[in-house]
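Undergrad: Need coordinates for the following:
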Amino acid sequence: MEWKKDLRTFFLEEQKKDEEQSRALQKSFDRIAWLRLLVFLAAVVLLYMGLTKRLMQEVYLIGGFLAIGGFLVLIRLHDGIEKKQRMLAARIAAVEAYPARLGTEWRNFPEDGGRYLQKNDTVCRDLDLLGPGSLYQLISICQSAYGKWRLADVLKDPYSVVNERTKRQEAIRELSENPKFLLDYESAVRRAFVDERKHPTRDDDTKKPGNTYKAGKIRFAGWMGFLMVLVPLMNLAVVIAILIGMIQPAWILVSFLVGYGITAGCKSKLDAETSGIFSSEMTSGQIYPIFQTIRDAEFSSEKLVSIRERVAGSDGMMIAQKKLSRLADMKNLDYNPVVGMLLTGFLGWDFFLAFLAMRWDREHGEAFAGSFDIVAEMEELGSLAVLSVVRPTVLPKLSGADDGQRSVGITFTDLAHPLLDPDTVVSNDGELASPLTVITGSNMSGKTTFLRTVAISLVLSYIGAGVVAEEFASDYRKLFTSMRVQDDVAGGISTFYAEILRVREMAEYIRKGEGIPALCLIDEIFKGTNSADRIVGAEEALKKLSVGGSMVIVSTHDFELCNLKQTSGEPADNRHFEESYADDKLVFDYKMKDGPCKTRNARALLHLAGLMDSE
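TA: Residues are numbered from 1 along each chain as shown. Predicted coordinates for the structure are as follows:
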């Protein structure tokens, strides 16, 4: 697999570059940390000498203030390096995930999307779209809460985006051909969204994460402006008085304490006014680096160009985020206890922050709307592109969804399941065109995996993603599945009855004849009852399901169903999987073949397990 070897080389080189940059940043971080400590100690000594009576007292005081200024500059430099380190750490984490996706280690990723599964999401459970070992777990690069919701929603309802499938397909393909952008984008989002608990939630019935910021809500009263000017002017006046010898230097401490008391006393009111800006990642200034990656990228697909225009165009969204980023950096100075105390006492810092927040809100609050949606949309498209980065995929053809033309059935070449190890997965060629296809085969021969492969490939086709195949074409159909059917003890529903309910849902949809034709995928039909009832029930049910343009693909151990005829009188199409024996062991090739199966392996499996003597 040459593609896989080249991909591993690319990510190894990225890891090496990141590690070298990490070591260089750490050296700079340590040097500035020591220099900052020395300058701070010098400031303390100079201020002490300037506040005590001695020769050149004023010179020491000026030197102390200059040292404080230098200390603040070093704080900014130090914070800048630390920000780069955090971004690099996020990138390293993003890079490390890709080699895991090339094998099976991705199954250990902590985020599997299982929390978004509802009880009625039967197709998602049957096809492993969400949950442990799922498609979501393999491909998701989502870090924002809304991005995760959006990817899960698309997988749960692929029909919701099928109308824009062509545009999505172009965008996803373009992203898959630029893994460096995917890494940079994921790193920026990973860095920004570090705590889901801080993500705002929409006020509508969905209660999904979303941008709830409303412009024009920040108020800056006149008395706030008066105190904003009073505190620094008071301290400046005291410094000037000290320098010209009117008062003793110790008065600067009194002035500082008064300024600190005034600002601290108003802090709760000021924080309440600005909480909409500083209380969540979406408004903490971390979005600007995310938008930078979009602005700096070169896109050609219509959807990605449109997203870039929304970010970097003339509507002000990029400018709004840039100014918000600077404002957030100023707010972050508060988190250093020494710097925060000095800024509060000498400058009345919280008043300035509230004033700047109010001005930003008036000038750019409206442009800020939609930021959350853009971040999430790029996360969702990028996640779907990941599949084509870590698996060999093809752009599928889909008729009946966006071209008005309907072909018959599903055709494929080298079709493989995307969640299986690409080193060992077996692909299949074939065409499924009959309204009713019966697949027989021995236990563990690959029937169920094949059904899931077809279905998950259709989902990927609907949402614009690549399919793991050399060629894949199908018509557009509503998917129904009956695979992982479980009983409900609390609800008094047996496994057999639970399967009946699923099949009834299919039949009712087909009977109504509304919407798109159905594709029903049923694994081991009515396995929860005795063989006689199962065969009779299956015959009747399958005839009802294979009408009105619908298609049914059913796997079964009941060879009697191979002779089933459709309502039209046409015989069912038969396919099978089989096994062979080598050195007293069962060997499966997992290849679909024409016609009904002629072999059984239940006795052989019992014999291999030591539960039955050989005949």
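Undergrad: Now the residue lying closest to residue 474 once chain neighbours are set aside, what are its backbone angles?
TA: Excluding its sequence neighbours, the residue lying closest to residue 474 (Cβ to Cβ, 6 or more residues apart in numbering) is residue 410, at 4.2 Å. Yep, even glycine has a C-beta here, placed from its N, CA and C like the rest. When quoted as degrees, to the nearest 10, the phi and psi of residue 410 stand at phi -130, psi 130.
Undergrad: tally of neighbours for residue 410?
TA: 23 (other Cβ atoms under 10 Å).
Undergrad: Report the beta-bridge partner residues of it.
TA: Beta-bridge partners for residue 410, by DSSP bridges, are residue 432, residue 474.
Undergrad: how much space between it and residue 578?
TA: 22 Å (Cβ to Cβ, to the nearest Å).
Undergrad: How about residue 18?
TA: 49 Å.
Undergrad: repeat for residue 223
TA: On the measure of Cβ to Cβ, residue 223 and residue 578 end up 86 Å apart.
Undergrad: Point to the residue nearest the middle of the chain.
TA: Taking Cα atoms, centre = their mean as the criterion, residue 142 is the residue nearest the geometric centre of the chain, at 1.6 Å.
Undergrad: helix/strand/coil for residue 479?
TA: strand (DSSP: H, G, I helix; E, B strand; the rest coil).
Undergrad: pLDDT score assigned to it?
TA: Looking at residue 479, its pLDDT reads 95.
Undergrad: Verify the contact between the residue nearest to residue 474 and residue 451 for me.
TA: No: using Cβ atoms under 8 Å, residue 410 is not in contact with residue 451; the gap is 11.8 Å.
Undergrad: and residue 119, what are its phi and psi?
TA: phi -60, psi -30.
Undergrad: Which helix or strand lies directly C-terminal to the lengthiest helix in the chain?
TA: Criterion DSSP state H: the longest helix present in the chain is helix 2-51. Remark: after helix 2-51, the chain's next helix or strand is helix 57-101, criterion DSSP states H and E.
Undergrad: quick one: that next one to helix 2-51, angle?
TA: 160 degrees (axes from the mean of the first three to the mean of the last three Cα atoms, to 10 degrees).
Undergrad: in the helix or strand hosting residue 238, what counts as buried?
TA: Per DSSP H and E, residue 238 falls inside helix 222-243. By neighbour count on 16 or more other Cβ atoms under 10 Å, the buried set for helix 222-243 is 224, 227, 228, 231, 232, 234, 235, 238, 239, 241, 242.
Undergrad: What of stretch 259-279?
TA: Going by 16+ other Cβ under 10 Å, stretch 259-279 has these buried residues: 259, 260, 262, 263, 266, 270, 273, 274, 276, 277, 278.
Undergrad: of all the residues you listed, which comes closest to residue 342?
TA: residue 260 (9.3 Å; Cβ to Cβ).
Undergrad: pretty sure the closest one contacts residue 342?
TA: No: if you go by Cβ under 8 Å, residue 260 and residue 342 don't touch, sitting 9.3 Å apart.
Undergrad: Centre of the chain to stretch 84-103, how far?
TA: Relative to its chain's centre, stretch 84-103 lies at 14 Å (Cα atoms, centre = their mean, to the nearest Å).
Undergrad: list the buried ones in that stretch?
TA: 85, 87-88, 90-92, 94-95, 97-99, 101-102.
Undergrad: Could you identify the most distant pair in those residues?
TA: 85 and 102 (27.7 Å).
Undergrad: So residue 147 is in contact with residue 374, correct?
TA: No: look at residue 147 against residue 374 with Cβ under 8 Å: they stay out of range, at 10.4 Å.
Undergrad: Now do residue 562, the pLDDT please.
TA: 84.
Undergrad: Return the distance of it relative to residue 177.
TA: 45 Å.
Undergrad: cool, residue 257 as well?
TA: Residue 257 is 62 Å from residue 177, by Cβ to Cβ.
Undergrad: I'd say residue 15 and residue 92 touch.
TA: Yes: with contacts counted by Cβ under 8 Å, residue 15 reaches residue 92, the gap being 7.2 Å.
Undergrad: now for the helix holding residue 238, which elements pack on it?
TA: helix 57-101, helix 251-278, helix 337-347, helix 349-368 (3 or more Cβ pairs under 8 Å, 6 or more residues apart in numbering; DSSP states H and E).
Undergrad: Quick one: residues in contact with it.
TA: Outside helix 222-243, the residues within contact range by Cβ atoms under 8 Å, 6 or more residues apart in numbering are 58, 61-62, 65, 247-249, 251-252, 254-256, 258-259, 262-263, 266, 270, 345-348, 351-352, 354-355.
Undergrad: List only buried entries from the residues you listed.
TA: 61, 65, 247, 249, 252, 255-256, 258-259, 262-263, 266, 270, 345-348, 351-352, 354-355.
Undergrad: just the strands in the stretch 501-615 of the chain please.
TA: 518-523, 551-556, 573-577, 579-582, 585-588, 593-594 (DSSP state E, counting those that start in this stretch).
Undergrad: which other helices and strands contact the fourth one?
TA: In terms of contacts (3+ Cβ pairs under 8 Å, 6+ apart), strand 579-582 is packed against strand 585-588.
Undergrad: picking that back up, now do the contacts for the residue nearest to residue 474.
TA: 431, 432, 433, 454, 458, 472, 473, 474, 475.
Undergrad: Apply 10 Å and report the result again.
TA: 430-433, 437, 454, 457-458, 461, 472-475, 477, 519, 551, 553 (Cβ atoms under 10 Å, 6 or more residues apart in numbering).
Undergrad: Ok, residue 547 next?
TA: Counting by Cβ under 10 Å, 6+ apart, residue 547 has contacts 435, 436, 507, 510, 511, 513, 566, 567, 568.
Undergrad: The last one against residue 435, yeah?
TA: So the one you mean is residue 568. Yes: checked against Cβ atoms under 10 Å, the pair residue 568 and residue 435 is within contact range at 7.8 Å.
Undergrad: Which of the buried residues of stretch 84-103 sits closest to residue 78?
TA: Once Cβ to Cβ is applied, the member of those that ends up nearest residue 78 is residue 85, at 10.5 Å.
Undergrad: And the average pLDDT for stretch 505-520 is what?
TA: 89.
Undergrad: end-to-end on it?
TA: 10 Å (Cα to Cα, to the nearest Å).
Undergrad: Show me which parts of that stretch are buried, residue by residue.
TA: In stretch 505-520, counting by 16+ other Cβ under 10 Å, buried: 506, 507, 509, 510, 516, 517, 518, 519, 520.
Undergrad: okay if I get these as JSON lines plus distance to residue 136?
TA: Output for the buried residues of stretch 505-520, formatted as JSON lines (distance: Cβ to Cβ, whole Å):
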{"residue": "506", "distance to residue 136": "25"}
{"residue": "507", "distance to residue 136": "30"}
{"residue": "509", "distance to residue 136": "26"}
{"residue": "510", "distance to residue 136": "29"}
{"residue": "516", "distance to residue 136": "24"}
{"residue": "517", "distance to residue 136": "27"}
{"residue": "518", "distance to residue 136": "25"}
{"residue": "519", "distance to residue 136": "22"}
{"residue": "520", "distance to residue 136": "24"}
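Undergrad: Fine by me, thanks again.
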